[in-house]
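Q: Dropping a prediction and its sequence here:
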Amino acid sequence: MIPKIASGSAEARGADTANAVAWAREVLEGEAEAILGLRERLGPAFERAVTLLLEVRGQVLTSGVGKSGLVAKKIAATLTSTGTPSNFVHPVDAVHGDLGIVSSKDAAVLLSKSGETPELLGLVPAFRRRGVPTITMTCQAGSALARSSDCVLDLGKLREACPEDLVPTTSTTAALALGDALAVVLLRMKGFSREDFVFFHPGGVLGQTAMLRVADLMHGGDALPSVGAEATLREALLEILRKGLGMTTVVDGGGTLCGILTDGDLKRILLQGTASLEQPVGHVMSTAPRTIEGDAPIAQAVRRMEENEPGAITSLVIVDERGAPRGVIHLHDCLGAGARVP
């Protein structure tokens, strides 16, 4: 008979609701501590795991039961999408025929909090017979599964986030983070590039936008806002309004970029009452415009705008080899890139 869960009185439920944020913070803090604790555990065992996975000429097989199985599936998906072919194998299905996909060119990553999962223990002899090295990710470094593996990634003694220390939460989060660490380290060691990412994600917005460069989205030609340094603030304001980018480039007599003027700059100048609309823009422009190369990735443009010192900006100027402005890219262009991908 399934036990009935008591709902409690309205007063009790109200008191519980008042604790909701505090309890949620406890969960996040506990899981964050578990992930940070992994940093101290990284060492020879992690290096050994990376070496084993780099030597794989077939595929990486991940396996686990229950919540660990779900994490194993995600790790397999991440490895595959970043250049390390991988497949999730359910341990029950494996001993009933799915082991046919295993070869001596493969390696296995087994996930088990206890390290005593019978279904996984049953797989190890089969892997041994095929010469498949095994890596175990567990909270029990002295467990049977750990002892039978070629490499053990010890997550440490973790307390789950639920009050009774039962529901897989902290342990699965730590395992997922360690799996991500493996995937990204392998990605970097293999020299996995932006172009490789697109090859593995040809149909998605992520893959298609990853190939976009600044020059693909910049406003150039007639859409490029530009005035001479001798133009008046009135003329600069009209150019800003016409081109609709909230700024204009300023060029010298030779057409070289020498500054920019934003609508924010213009508002501050006029509010201070220290300039008139007939004053040359060259006297009040910003003389240190932020620029970017036309072949730079869109993501780099976003970072440059957001991480600008002393504060974030919304546009960058693209200049040619002579220092003349070729175009302007706005933050909104970058953030809307995904919506433009056909």
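A: Happy to help now that I have it.
Q: quick one, strands of the stretch 151-300 of the chain?
A: 151-154, 219-220, 226-228, 247-251, 257-262 (DSSP state E, counting those that start in this stretch).
Q: The shortest one pairs with which strands?
A: Think strand 219-220. strand 325-330 (antiparallel) (DSSP bridges).
Q: List the buried residues for the strand it pairs with?
A: 325, 326, 327, 328, 329, 330 (16 or more other CB atoms under 10 Å). Placement of C-beta: from N, CA and C, glycine included.
Q: contacting residues around the second one?
A: I take that to be residue 326. By CB atoms under 8 Å, 6 or more residues apart in numbering, the residues touching residue 326 are 215, 218, 220, 224, 294, 318, 319, 320.
Q: Same question for the fourth one.
A: In this structure, residue 328 makes contact with 218, 219, 220, 224, 225, 245, 247, 249, 315, 316, 317, 318, judged by CB under 8 Å, 6+ apart.
Q: show me where pLDDT drops low in the stretch 51-200 of the chain?
A: 95-98, 192-200 (pLDDT under 70).
Q: mind listing what residue 295 touches?
A: Counting by CB under 8 Å, 6+ apart, residue 295 touches 213, 214, 215.
Q: Looking at these, which is nearest residue 45?
A: Residue 45 has its nearest neighbour among those in residue 213, at 40.8 Å by CB to CB.
Q: right, and that closest one touches residue 292 too?
A: No - using CB atoms under 8 Å, residue 213 is not in contact with residue 292; the gap is 10.1 Å.
Q: Can you give me the domain boundaries for the protein?
A: The chain breaks down by automatic domain parsing into domains covering 16-192, 214-340.
Q: quick one: pLDDT of residue 235?
A: Looking at residue 235, its pLDDT stands at 94.
Q: what bridges to the residue nearest to it when sequence neighbours are not counted?
A: If the residues on either side of it in the chain are set aside, residue 235 comes closest to residue 227, at 5.8 Å by CB to CB, 6 or more residues apart in numbering. Counting by DSSP bridges, residue 227 forms beta bridges with residue 250.
Q: what sits against the residue nearest to residue 255 when sequence neighbours are not counted?
A: Closest residue in space to residue 255, ignoring its immediate chain neighbours: residue 324 at 4.7 Å, by CB to CB, 6+ apart. Residue 324 makes contacts with 251, 255, 256, 257, as judged by CB under 8 Å, 6+ apart.
Q: Most neighbours among the residues you listed, which one?
A: Counting neighbours by other CB atoms under 10 Å, residue 257 leads these with 21 neighbours.
Q: Am I right that that one is in contact with residue 248?
A: No - the criterion here is CB under 8 Å, and residue 257 misses it with residue 248 at 11.2 Å.
Q: Now do the helices in the stretch 1-150 of the chain.
A: Secondary structure of the stretch 1-150 of the chain by DSSP state H, counting those that start in this stretch: the helices cover 10-18, 20-41, 44-54, 67-81, 91-94, 118-121, 124-129, 144-147.
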